[in-house]
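Engineer: Give me a model of this one.
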Amino acid sequence: MSLRRTVVSRVSRALAALAAGLALSTAMAQSAKPLRILVGFPPGGGTDAIARTLSEGLKDALGMPVVVDNRPGAGGQIAAQVLKASPADGTTVFLTHDHTISILPLVVRNPGYQPDRDFVPVGGFATFVNAFAVSGGTPANTFGEYVQWVRTQGGGKGAVGIPAPASTPEFLVKLVGEKFQLDLVSAPYRGAAPMMADMLGNQIGAGVGSVQDFMENHKAGKLRVVAVLGTKRQAAMPQVPTFDELGLKGFADLPYYGFYAPAGTPQPFIQQFAAALAKVVAKPEVHDHLTAMGLTVGFMTPQQLGAREHAYTETWRRIIKTNGFVPQ
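Structural biologist: Coordinates of the predicted model:
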């Protein structure tokens, strides 16, 4: 093939791709059907608040209506199944964190979806850490004081709330108990919101969940975050030590937040959505708001989100196997 024919061919392909992207963009803008953001947790929790913050910016960046569709239950499993059944036409995305994508397929025998087969990453926007918090009625102000309180008041036994069964927080409760020689039992809830309600009502003395679930009430003094996972203290709560400092190491690989679409979703939509997401999270007001919630904000391309998902999944595959957990 001559140089001229090669150049013409490349230009033709580029123009075709551009035309397809413009056609999809025009169709999306003209369509009366809004973009639906699936959320696997109930209103009032951290993930829901994040979705509603981003939906406003995405509406403007994409030039189309955006709605948040809460499908709570089973730690995001129900919403993931809805995503799998949705048409791959650029009208539905799923905002989720690591639990639904990386953890559930490792601990549930048949979750009803396979992320690497049924979904495609369309963009990530943050990492975060899990945190250990104590209720207001618990006298402890530090993690060390909590350990001592459990030993003296509970005979070494204590219940710790978690937002979902067979989740990262459940394994963390087990690891924390083993590390500090406590008999800690996980108490699973249907999401962070009901767990928080029981913690605020002093129905349970402690809880483990994402730091953004605790942030507002921690700042208000209604409960106290006493430790966070990871190797670095969080900018939003620099006084709280990491478990790495407390001796529980091996958690440098942080959980993540991202958007996924059904497999087969057109590439022009994925590119357009990723560009819009990058624009939204770069806005100072959005960046600052998400940071105040306890997130480490940073845009990830679809490829970067996919790589982080794979690395995180393999980390927890090893941890879960070491714990002898058998998928249910």
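
Engineer: Could I get the contacting residues of V134?
Structural biologist: Applying C-beta atoms under 8 Å, 6 or more residues apart in numbering, one finds that V134 lies in contact with 140, 146, 205-206, 223-224, 226. From N, CA and C alone the C-beta is placed, and that goes for glycine too.

Engineer: how about the strands in the chain?
Structural biologist: Ranges of strands within the chain are 35-39, 66-70, 92-97, 119-127, 130-135, 157-162, 183-188, 206-210, 223-228, 256-262, 296-300, based on DSSP state E.

Engineer: Quick check: closest non-adjacent residue to T313.
Structural biologist: With sequence-adjacent residues excluded and distances taken as C-beta to C-beta, 6 or more residues apart in numbering, T313 is closest to S102, at 4.2 Å.

Engineer: In this structure that neighbour contacts A311, no?
Structural biologist: No. Between S102 and A311 there is no contact, the gap being 9.4 Å when judged by C-beta atoms under 8 Å.

Engineer: Just say which of the strands of the chain is most tucked in.
Structural biologist: Stretch with highest mean neighbour count among the strands of the chain: strand 206-210 (a mean of 28; mean count of other C-beta atoms under 10 Å).

Engineer: quick one: strands adjacent to that one?
Structural biologist: According to DSSP bridges, strand 206-210 has the following sheet partners: strand 130-135 (antiparallel), strand 157-162 (parallel).

Engineer: could these go into a markdown table alongside mean pLDDT?
Structural biologist: Putting these into a markdown table (pLDDT from 0 to 100) gives the following:
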| stretch | mean pLDDT |
| --- | --- |
| strand 130-135 | 96 |
| strand 157-162 | 97 |
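
Engineer: Which one of those lies nearest to K179?
Structural biologist: Each of those was checked against K179 via C-beta to C-beta, and the shortest separation belongs to strand 130-135, namely 11.7 Å.

Engineer: Helices of the stretch 101-250 of the chain, start to end?
Structural biologist: 104-107, 115-118, 143-153, 168-179, 192-200, 211-219, 243-246 (DSSP state H, counting those that start in this stretch).

Engineer: Fine, thanks again, bye for now.
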